[in-house]
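Enquirer: build me a model:
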Amino acid sequence: MSWLTGPLQYSFMQTGAVAAVLIGATCAILGVYVVLRGMAFMGDALSHTVLPGLVAAYLLGVNLLGGAIVAGVATALGVGWLSRRQSLREDTAIGITFTGMFALGVLLMSTVSSFRDFTHMLFGNILGVTSGDLIAISILAALVLLCLFLFHKELELTSFDPTHAEVVGLRADRVRYGLLILLALTVVVGIQAVGVVLISALLITPAATASLLTKSLPRMMLLSAAFASASGLAGLYASYYLNVSSGAAIVLSCTALFIAVSILGSLPTPKATG
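Expert: Numbers count the residues shown, from 1 in each chain. This is a model prediction of the structure:
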């Protein structure tokens, strides 16, 4: 068991392990709503639209997470506003915002002499999480999970039966705005682990894996969080021992779990004899 406990003697591995669990659980639990509502494209779009906020914060020498939060929340509100117009469908609004913001991020990156400065933003580096980063991640994760707990009934009702939600007085559009903002914050939480390019996988794949095993929302959230946390730790160790990209290793671990569950679920159930 030394291969498992040995790396934890280093503080950066301890910090990375805590971050992996926090990020995985937060992304996975919110990801259940993303999957149920068919918002996978929105999650992918938000993950890319935080790029200009990150780059601008880097160039200004201010906190990167702060820049990402501003860009992510602005995008969420912008998409919500654009999609409310009768002449513009939501997927069109997402496509316009997604490509425009990502292009702005690339343009800002081109003003710097080397793209290597932004590698950790694009692909993540969970081994590089500092104690300060961990505090910020913990605060954001706690905020997101607290909001999901407090507004669980509203989110569940508008996810499964938006018509009934309107009848009982719930404003589905306001709930959706809130969910978009939480999604933006969750994307910011996950960037340190898997980066801008791969964060949508951490939101979607564990939730999709859990949906193959249960239709109960609480169980789906629990399984999704467990799958994402386990994948985060597996990616952490793979990055440490194999010297590979932590973000890619985490996402591939999520993908491997999804494939394994899919295969097991497709196997014929043995008939009882007696």
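Enquirer: worst-scoring helix or strand of the chain, pLDDT-wise?
Expert: One helix or strand of the chain scores below all others by mean pLDDT, DSSP states H and E: helix 162-167, with a mean of 74.
Enquirer: check which residues of that helix are buried.
Expert: Residues of helix 162-167 classed as buried: 162, 165 (neighbour count, 16 or more other Cβ atoms under 10 Å). Backbone N, C-alpha and C define where each C-beta goes, glycine included.
Enquirer: average pLDDT across the following helix or strand past it?
Expert: Toward the C-terminus, helix 162-167 is succeeded by helix 172-211 as the next helix or strand (DSSP states H and E). Mean per-residue pLDDT for helix 172-211: 86.
Enquirer: same check, this time on stretch 80-94
Expert: Mean predicted lDDT for stretch 80-94 stands at 71.
Enquirer: measure it end to end?
Expert: The straight-line separation of the ends of stretch 80-94 (Cα to Cα, to the nearest Å) is 9 Å.
Enquirer: now do residue 262: how many residues are near it, please.
Expert: When neighbours are defined as other Cβ atoms under 10 Å, residue 262 has 12 of them.
Enquirer: what's the closest non-adjacent residue to it?
Expert: residue 212 (6.4 Å; Cβ to Cβ, 6 or more residues apart in numbering).
Enquirer: and the one you found, how many neighbours?
Expert: That count, for residue 212 with other Cβ under 10 Å as the rule, works out to 15.
Enquirer: re earlier: helices or strands next to the least confident helix or strand of the chain in the packing?
Expert: Contacts defined by 3 or more Cβ pairs under 8 Å, 6 or more residues apart in numbering; DSSP states H and E place helix 162-167 against helix 152-160, helix 172-211.
Enquirer: which of the residues in the first one are buried?
Expert: In other words, helix 152-160. In helix 152-160, counting by 16+ other Cβ under 10 Å, buried: 154, 155, 157, 158, 159.
Enquirer: now, which of these sits nearest residue 118?
Expert: residue 155 (33.9 Å; Cβ to Cβ).
Enquirer: isn't the closest one right next to residue 34, touching?
Expert: No. Using Cβ atoms under 8 Å, residue 155 is not in contact with residue 34; the gap is 11.2 Å.
Enquirer: contact partners of the helix or strand hosting residue 72?
Expert: Per DSSP H and E: residue 72 is located in helix 64-83. For helix 64-83, the external contacting residues (Cβ atoms under 8 Å, 6 or more residues apart in numbering) are 42, 45-46, 49-58, 60, 88-90, 93-94, 96-97, 101, 121, 133, 136, 140, 173, 176-177, 180-181, 183-185, 187-188, 191.
Enquirer: state the distance from residue 200 to residue 239.
Expert: Noted for residue 200: a distance of 20 Å to residue 239, by Cβ to Cβ, to the nearest Å.
Enquirer: who's more crowded, these two?
Expert: Counted by other Cβ under 10 Å, residue 200 and residue 239 do not tie: residue 200 has more neighbours, with 25 against 22.
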